[in-house]
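In: with the sequence up front, the predicted model follows.
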Amino acid sequence: MIENEAQFLHFLDQHLIPYQRLEHPPVYTCDEAERLRPKSKGASTKNLFLQDKRGAFYLVMTDCTKRLDFKELAKELRAPKIHFGSEEKLMELLGLTRGAVTVLGLVNNANHRVQLLIDSEIWDRNEFLCHPLVNTSTLILTKESLERFFELTGHLAQVIKILGLV
């Protein structure tokens, strides 16, 4: 398991995945990230670790401004009720803590118990802002770099239309 940012950056470097790193104070919400992170042109992402009643786990990446409609997402996935996954499962499956949830945590999901869901409304962007396993820095990654990362970790991204609350 990759346990810290330095190890994760080494992983990216080893696999020739380019990134730009922005350092900032700890952020726990999208609002804090907007205020405290240096300004950049990438898509600001919200990442949610979810679980359904059957015990299936999902990592959802969407735009920071969107509030997910959990009932509609459950219908789309044909899953029973969806809720946030526990902090214990977040650490066990992705090696992450609350506030640092990121699609990059899939590097630690070798058993593929977590399904990756990407909002189609955000996936057409060219660059994405993602935490490198910690909430004290942000990486700017191109779509191509994220696709390469998902390929390396063996995670197939399900790109779906995720409805937000109105």
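Out: It's in.
In: give me the contact list for the top strand by length along the chain.
Out: Looking across the chain with DSSP state E, the single longest strand is strand 43-52. Residues outside strand 43-52 that contact it (C-beta atoms under 8 Å, 6 or more residues apart in numbering): 30, 33-34, 57-64, 66, 68, 70, 73-74, 77, 79-86, 89-90, 94, 96, 101-103, 114, 122, 125, 127-131. C-beta coordinates here come from the backbone N, C-alpha and C atoms, glycine included.
In: what about the chain, any weak spots by pLDDT?
Out: 165-166 (pLDDT under 70).
In: for the residue nearest to Ala56 when sequence neighbours are not counted, what is the enclosing helix or strand?
Out: Excluding the flanking residues, the one nearest Ala56 by C-beta to C-beta, 6 or more residues apart in numbering is Ala79, at 6.4 Å. Using DSSP states H and E, Ala79 maps to neither a helix nor a strand.
In: can you give me the end-to-end span of stretch 129-139?
Out: 6 Å (C-alpha to C-alpha, to the nearest Å).
In: which strands and helices sit next to the helix or strand where His83 lies?
Out: Using DSSP H and E, His83 sits in strand 82-84. In terms of contacts (3 or more C-beta pairs under 8 Å, 6 or more residues apart in numbering; DSSP states H and E), strand 82-84 is packed against strand 43-52, helix 70-77.
In: closest one to Glu5 among those?
Out: Nearest to Glu5 among these is strand 43-52 (16.1 Å), distances taken as C-beta to C-beta.
In: which helix or strand lies directly C-terminal to that closest one?
Out: strand 57-63.
In: can you list the buried residues in that next one?
Out: Across strand 57-63, burial judged by 16 or more other C-beta atoms under 10 Å covers Phe57, Tyr58, Leu59, Val60, Met61, Thr62, Asp63.
In: now swap in stretch 139-157 and tell me
Out: Within stretch 139-157, the residues scored as buried using 16+ other C-beta under 10 Å are Leu139, Ile140, Leu141, Thr142, Ser145, Leu146, Arg148, Phe149, Phe150, Thr153, His155, Ala157.
In: and if you look at stretch 10-23?
Out: Within stretch 10-23, the residues scored as buried using 16+ other C-beta under 10 Å are Phe11, Leu12, Ile17, Tyr19.
In: any chance of the buried residues of strand 57-63 in TSV with distance to Ala110 as columns?
Out: Listed next are the buried residues of strand 57-63 as TSV, based on distance: C-beta to C-beta, whole Å:
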residue	distance to Ala110
Phe57	14
Tyr58	17
Leu59	14
Val60	20
Met61	20
Thr62	25
Asp63	28
